[in-house]
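Asker: Pasting the sequence and the predicted model now:
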Amino acid sequence: MKNITVIGSGTMGNGIAHLFAQNGFAVALVDINPTSLEKALKTIANNLDRQITKGTLTEDSKTQTLGNITTFTDLQKGVANADLVVEAATENIDLKLQIFKQLDEFAPKNAILASNTSSISITKIASATARPTQVVGMHFFNPVPVMKLVEIISGYATDKAVSQKIFELSTQLGKVPVVVNDYPGFVSNRILMPMLNEAFYALFEGVAGVEEIDTVMKLGMAHPMGPLQLADFVGLDVCLNILRVLHEGLGNPKYAPCPLLVNMVEAGHLGAKTGKGFYEYVPNSKATLVAERFR
Ligand code: CAA
């Protein structure tokens with residue numbers, strides 16, 4: 001595989017493009033929004049600068065990495081030479097079905113079509129194409145250049161050889177791949193989201209405050225971020241969507257999203273990206289402060 005197309009240039013899309021480009025692949029980064037593409041290139045350049053500051057990357061490699069990325073606003077042109085497409089668009093099932101229909105129409109017939117979805121069924125996504133055996137989940141974690149895991153999701157119809165190819169490719173990218181089957185939340189979010197939901201309930205029921213809950217998990221369980229900070233980092237709307245997928249898909253009330261989370265999302269307090277969640281965020285700063293209503 002040489003030519004990789006990444007669909008969507010948001011947080012996950014730009015991280016995935018960064019990773020492939022830094023490993024020498026030719027990357028076509030596609031987004032309907034040109035402003036989002038410009039922002040993505042700036043983010044990638046800033047993250048490469050971090051690596052230069054750390055002494056893990058040279059200026060030459062930065063230039064090469066950026067030179068490996070071409071941007072497109074036209075999906076048909078962006079996928080024309082793809083060996084692999086990794087879709088990282090918004091987590092919306094109708095949007096993904098529509099994108100995969102187009103990918104199937106315009107990408108070369110032997111191309112593998114992967115989705116970075118965190119919870120939508122790969123089997124369902126594959127059903128929008130005439131090549132379900134070549135559709136697979138390739139789930140990265142934020143920040144993509146840093147997090148080691150790739151969760152590979154085999155849909156009901158995915159060919160074993162296709163999962164194996166993605167496994168080998170992930171290893172080539174310096175990641176540790178794990179293959180799982182296609183059930184709601186896969187493995188990562190089947191386990192992560194109930195833990196985060198329990199932290200929301202602990203706060204909601206007054207068991208402890210934001211800092212206490214996060215400190216317990218950071219220092220007691222060696223998590224790099226406490227569950228409430230992590231939920232803000234992932235996005236509270238994303239957490240709510242995934243919990244709803246688990247609740248609906250598994251039919252068990254234990255996955256019901258905490259009413260506090262529902263209220264926060266309805267109020268537009270979505271975490272770091274909106275500046276407010278369980279914490280408040282100062283733009284361009286690492287500083288966080290427990291949000292006023294939880295103090
Ligand atoms: N791109 C490239 N490098 C980055 C980066 C980025 N966006 N963000 C951080 N880094 C690098 C830094 O340069 C630094 O590198 P070194 O280790 O070489 O020094 C390293 O990552 C640590 O960064 P910082 O010192 O700035 O910050 P930190 O030590 O506080 O770590 C963190 C930041 C890596 C995000 C850490 O807090 C962490 O691991 N948090 C948990 C993240 C997590 O759980 N992610 C998964 C979320 S779930 C998901 O993504 C999927 C889903 O389906 C919901």
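Answerer: Cool, the structure landed.
Asker: Next, the contact list for Ala208, please.
Answerer: Ala202, Val216 (CB atoms under 8 Å, 6 or more residues apart in numbering). C-beta: built from backbone N, CA, C; applies to glycine.
Asker: try Val234
Answerer: Val234 neighbours (CB under 8 Å, 6+ apart): Asn142, Leu196, Gly271.
Asker: Could you count how many residues lie near the last one?
Answerer: In other words, Gly271. Applying other CB atoms under 10 Å, we find 25 residues neighbouring Gly271.
Asker: doesn't Gly277 make contact with it?
Answerer: Yes: using CB atoms under 8 Å, Gly271 is in contact with Gly277, at 3.5 Å.
Asker: Identify the contacts common to those two.
Answerer: Common contact partners of Gly271 and Gly277 (CB under 8 Å, 6+ apart): Ala231, Asp232, Leu236.
Asker: surely the first one meets Glu198?
Answerer: Right, the one you point to is Ala231. No: counting by CB under 8 Å, Ala231 does not reach Glu198; the two are 11.3 Å apart.
Asker: ok but Ile152 is inside a strand, no?
Answerer: Yes: assessed with DSSP: H, G, I helix; E, B strand; the rest coil, Ile152 lies in a strand.
Asker: Setting aside sequence neighbours, what's the nearest residue to it?
Answerer: Leaving aside its chain neighbours, Ile152 sits nearest to Val179 (4.6 Å; criterion: CB to CB, 6 or more residues apart in numbering).
Asker: quick one: contacts for the one you found?
Answerer: The contact partners of Val179, taken as CB under 8 Å, 6+ apart, are Ile152, Ile153, Ser154, Ser163, Phe167.
Asker: So the residue nearest to the second one when sequence neighbours are not counted, which state does it fall into?
Answerer: For Ile153, ignoring the flanking residues on the chain, the nearest one in space by CB to CB, 6+ apart is Gly137 at 2.7 Å. Of the three states, Gly137 takes strand according to three-state DSSP.
Asker: And Gly137, what's its pLDDT?
Answerer: Confidence at Gly137, expressed as pLDDT, is 98.
Asker: what about the strands in the protein?
Answerer: Here the chain has its strands, by DSSP state E, at 3-7, 26-30, 69-72, 84-87, 112-115, 135-139, 149-154, 176-181, 279-281, 288-290.
Asker: Let me have these in a markdown table, adding distance to Thr56 as columns.
Answerer: Formatted as a markdown table, the strands of the chain follow (distance: least, CB to CB, whole Å):
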| stretch | distance to Thr56 |
| --- | --- |
| strand 3-7 | 22 |
| strand 26-30 | 20 |
| strand 69-72 | 19 |
| strand 84-87 | 24 |
| strand 112-115 | 27 |
| strand 135-139 | 24 |
| strand 149-154 | 20 |
| strand 176-181 | 19 |
| strand 279-281 | 27 |
| strand 288-290 | 26 |
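Asker: Relative to the ligand, which of those is closest?
Answerer: For the ligand, the closest of the strands of the chain is strand 135-139, at 6.4 Å, according to CB to the nearest ligand atom.
Asker: Now do the closest one: which elements does it pack against?
Answerer: Applying 3 or more CB pairs under 8 Å, 6 or more residues apart in numbering; DSSP states H and E, we find strand 135-139 packed against strand 112-115, helix 122-126, strand 149-154, helix 160-172.
Asker: the inter-axis angle of that strand versus helix 160-172?
Answerer: 30 degrees (axes from the mean of the first three to the mean of the last three CA atoms, to 10 degrees).
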